[in-house]
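Trainee: Build the 3D model from these lines:
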Amino acid sequence: MSEPETGAYSASKGGVFGLTLALAASLAPDVRVNAISSGWIATQAWQKPSQRSEPELTREDHVQHWSGRAGVPDDITAMAIYLLGDESGFVTGANMVVDGGITRKMIHVD
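Mentor: Residues are numbered from 1 along each chain as shown. The predicted structure is shown next:
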């Protein structure tokens, strides 16, 4: 979703989706191409060791998501594993939104 002062960011997201569709069409049927659009992912615990920390998330951080929690890197990993597996053999040209529902809820507390 777009917010004020995020024109370049929003355009880049649109570009990723357009590129995904173009590559899926160009490389079919030999290669499947999909995109993973993540939402807010708490990555502090996944930084290089000198910068690693536990995320300091509040109740508000979690309830903004329909899922009731902020995302973690393993949420994105799970989607990538699904897309790499045989179970997704009929999925191509898709934009998989992995965001706990925050972009559809359209409420983001700063």
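Trainee: quick one, helices of this structure?
Mentor: Counting by DSSP state H, the chain forms helices over residues 7-27, 59-63, 73-84, 102-105, given from the N-terminal end onward.
Trainee: could you check the distance from the residue nearest the centre of the chain over to residue 88?
Mentor: Among the residues of the chain, residue 38 comes closest to the average C-alpha position under CA atoms, centre = their mean, at 1.2 Å. In this structure, residue 38 and residue 88 are 17 Å apart, going by CB to CB, to the nearest Å. Heads up, the C-betas are built off the backbone N, CA and C, glycines and all.
Trainee: ok so, going back, of all the helices of the chain, which lies closest to residue 34?
Mentor: helix 73-84 (5.3 Å; CB to CB).
Trainee: The helices of the chain into CSV, with extra columns for distance to residue 94?
Mentor: As requested, these are exported to CSV (distance: least, CB to CB, whole Å):
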stretch, distance to residue 94
helix 7-27, 8
helix 59-63, 27
helix 73-84, 8
helix 102-105, 16
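Trainee: And those helices: which comes nearest residue 96?
Mentor: Distances from residue 96 to each of the helices of the chain were compared using CB to CB; the minimum, 5.5 Å, belongs to helix 73-84.
Trainee: For that closest one, buried residues please.
Mentor: 75-76, 79, 83 (16 or more other CB atoms under 10 Å).
Trainee: Can you pull the poorly scored residue ranges out of this protein?
Mentor: Low-confidence segments of the chain, defined by pLDDT under 70, span residues 1, 45-47, 52, 105-110.
Trainee: the residue most distant from the middle of the chain, which is it?
Mentor: Distance from the C-alpha centroid of the chain peaks at residue 50, with 25.6 Å (CA atoms, centre = their mean).
Trainee: one step back: now, among the buried residues of helix 73-84, which is nearest to residue 59?
Mentor: When these are compared for distance to residue 59 (CB to CB), residue 75 wins out at 19.3 Å.
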